[in-house]
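Participant: Structure of the sequence below:
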Amino acid sequence: MLSGASTGVQPAGRNFHGRAFTARPPRPSLVAPGRATRARSAASAGGAPQSTAGAGGAPLSAPPNPLLVGAVEALFRFPPVFEAATKKARAMIIQRGEAIGVDWTGTLDELRAVPDWPARLAAATDPAAGAYPAYYTQPFHAYKQGNLCWEAAQEFALSSASVHAPVMDPANKRMDADGDQQLRSSYGRCLLQLMADAPGAPAPGDVRAVLDLGCATGLSSLALRELFPAAHVTGVDLSPHMVAVGRYHQQRREAAAGAAEPLTLLHRNAEDTRLPAGSFDVVSMCLVAHELPQHATRAILAEAHRVLRPGGVLTIMEMDPAAPSFSRIFGNVFAFCAFKSTEPWLIQYVTLDLHAAVAAAGFDAPRQASNSPRHRTVVAVKPAAGA
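Facilitator: Okay, here's the model as predicted:
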């Protein structure tokens, strides 16, 4: 998902230097699996991520600059205004991507030329996903159909690279073509460190089953494979278009490598995955909560608790409402309009007490670390049986 998204693989097309590329996995984590090693937080100039149990994560009781928020939300109730704002935001995303070297047109042309997308969509669509919730069928990410369209799925890796290009710069100005990969890597470092600090959490080398909630095309799932090399990763997403595109890329990688990947992508609702209870060691929710109303986030947290084994770990990477680099958007009318036009549930997210919601779902006190100037990693353990 986009935060402004997730990544490991980019569709076939051109890399940032204009040369042909296929799939490029995320860089390996700098923390060795199975060892309690201090990792450097991407949000600081050195030192380890600050693991804080039961602290941090405080929500905003109300969004900053309520006059700006109220005015923009009132304007966006008029379809012509909202459509103009989303069109401009989408143009900005494409322009930024091309500026950092993304071959937007060439990559999409190659994907659109795949002849069997209708068959792939039919194969990906699973009745177990159930009916789409109302919040999921409205426009977001500058797509009129949200994630329920080919454009959103085929552009996902491109949009991730564009949206996250400035993410590691506190001033949000310096563009880096590898910003998305840096964000994934920093999440991995923080995740492993917080797991090492959490009593009862498994060692990374002992993790055998990982669930990636809201996996989109599987980019975040590939990053989890790097972190937990002994595990099978299951990614679920409510968009069959995302799953179809993700499976297409997986098939290409497997054909190139001559071996199957320990990865399964499913069309499911993260609020009710229909997966067996107690069957996963780690459940990850990467850049998903900001795209949801609060009731959906709480339902997903409850589902994560259900499918985790006792002693299993929930890990979340999300925007940090308390980070100055993030809250700055509420003081800039243009930045807020661009953000709000692509993220309709933004205010629901920034006013959610995420730590309290995690605890209410049955987890031990969450631990948190910053993994970029505007993102946080939150880790919590499902109590062992009888604890």
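
Participant: so residue 311 touches residue 382, yeah?
Facilitator: Yes: contact criterion C-beta atoms under 8 Å: residue 311 and residue 382 qualify, at 6.6 Å. Any C-beta I mention is one placed from the backbone N, CA and C, and that applies to glycine too.

Participant: where does the longest strand seen in the chain sit relative to the chain's centre, distance-wise?
Facilitator: The longest strand of the chain (DSSP state E) is strand 308-319. Relative to its parent chain, strand 308-319 has a centroid offset of 14 Å by C-alpha atoms, centre = their mean, to the nearest Å.

Participant: helices or strands next to the helix or strand harbouring residue 186 in the packing?
Facilitator: Per DSSP states H and E, residue 186 falls inside helix 179-197. Counting contacts by 3 or more C-beta pairs under 8 Å, 6 or more residues apart in numbering; DSSP states H and E, helix 179-197 is packed against helix 156-163, helix 219-227, strand 308-319, strand 367-372, strand 375-381.

Participant: Against which helices or strands is the shortest one packed?
Facilitator: When you say that, I think you mean strand 367-372. Against strand 367-372 (3+ C-beta pairs under 8 Å, 6+ apart) you get strand 52-53, helix 179-197, strand 375-381.

Participant: Kindly export the second one (C-alpha atoms) in PDB.
Facilitator: Below are the C-alpha coordinates for helix 179-197, written out as PDB (Å, rounded to 0.1, in the frame of the first residue of the first chain):
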ATOM      1  CA  GLY A 179      13.500   5.600  -1.200                       C
ATOM      2  CA  ASP A 180      10.900   2.800  -1.300                       C
ATOM      3  CA  GLN A 181      13.500   0.100  -0.800                       C
ATOM      4  CA  GLN A 182      15.100   2.100   2.000                       C
ATOM      5  CA  LEU A 183      11.800   2.300   3.700                       C
ATOM      6  CA  ARG A 184      11.300  -1.500   3.400                       C
ATOM      7  CA  SER A 185      14.800  -2.100   4.700                       C
ATOM      8  CA  SER A 186      14.400   0.200   7.700                       C
ATOM      9  CA  TYR A 187      11.100  -1.500   8.500                       C
ATOM     10  CA  GLY A 188      12.900  -4.900   8.500                       C
ATOM     11  CA  ARG A 189      15.700  -3.600  10.800                       C
ATOM     12  CA  CYS A 190      13.300  -2.100  13.300                       C
ATOM     13  CA  LEU A 191      11.000  -5.200  13.100                       C
ATOM     14  CA  LEU A 192      13.800  -7.600  14.000                       C
ATOM     15  CA  GLN A 193      15.200  -5.400  16.700                       C
ATOM     16  CA  LEU A 194      11.800  -5.000  18.400                       C
ATOM     17  CA  MET A 195      11.200  -8.700  18.100                       C
ATOM     18  CA  ALA A 196      14.500  -9.300  19.800                       C
ATOM     19  CA  ASP A 197      13.500  -7.000  22.600                       C
END
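
Participant: Check the offset of that helix from the chain's centre.
Facilitator: 13 Å.

Participant: Name the residue in residue 311 and residue 382 with the higher neighbour count.
Facilitator: Each of residue 311 and residue 382 had its neighbours counted (other C-beta atoms under 10 Å), and the higher figure belongs to residue 382 (26 against 16).

Participant: correct me, but the more buried one touches residue 305?
Facilitator: Yes: Residue 382 lies in contact with residue 305 (C-beta under 8 Å); the separation is 5.9 Å.

Participant: tell me, what's touching those two both at once?
Facilitator: 314, 362-363 (C-beta atoms under 8 Å, 6 or more residues apart in numbering).

Participant: tell me the contacts of residue 99?
Facilitator: residue 175.

Participant: where does it fall, phi/psi-wise?
Facilitator: phi -70, psi -30 (degrees, to the nearest 10).

Participant: Would you mind measuring from it to residue 175?
Facilitator: 7 Å (C-beta to C-beta, to the nearest Å).

Participant: Nearest to residue 253 among the helices and strands packed on helix 179-197 would be which one?
Facilitator: Among the helices and strands packed on helix 179-197, helix 219-227 comes nearest to residue 253, with 8.8 Å by C-beta to C-beta.

Participant: avg pLDDT for that closest one?
Facilitator: For helix 219-227, mean pLDDT is 97.

Participant: distance between it and the chain's centre?
Facilitator: 11 Å.

Participant: and the helix or strand following it, what does it pack onto?
Facilitator: Going down the chain from helix 219-227, the next helix or strand is strand 232-237, by DSSP H and E. Under the contact definition 3+ C-beta pairs under 8 Å, 6+ apart, strand 232-237 sits against strand 209-213, helix 219-227, helix 240-257, strand 263-267.

Participant: could I get the ones you listed as JSON lines with distance to residue 377 and mean neighbour count?
Facilitator: Below are the helices and strands packed on strand 232-237 laid out as JSON lines (distance: least, C-beta to C-beta, whole Å; neighbours: other C-beta atoms under 10 Å):
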{"stretch": "strand 209-213", "distance to residue 377": "15", "mean neighbour count": "27"}
{"stretch": "helix 219-227", "distance to residue 377": "12", "mean neighbour count": "26"}
{"stretch": "helix 240-257", "distance to residue 377": "23", "mean neighbour count": "20"}
{"stretch": "strand 263-267", "distance to residue 377": "22", "mean neighbour count": "21"}
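
Participant: and the gap between residue 234 and residue 274?
Facilitator: For residue 234, the distance to residue 274 - C-beta to C-beta - is 12 Å.

Participant: neighbour count winner among the two?
Facilitator: residue 234 (25 against 15).
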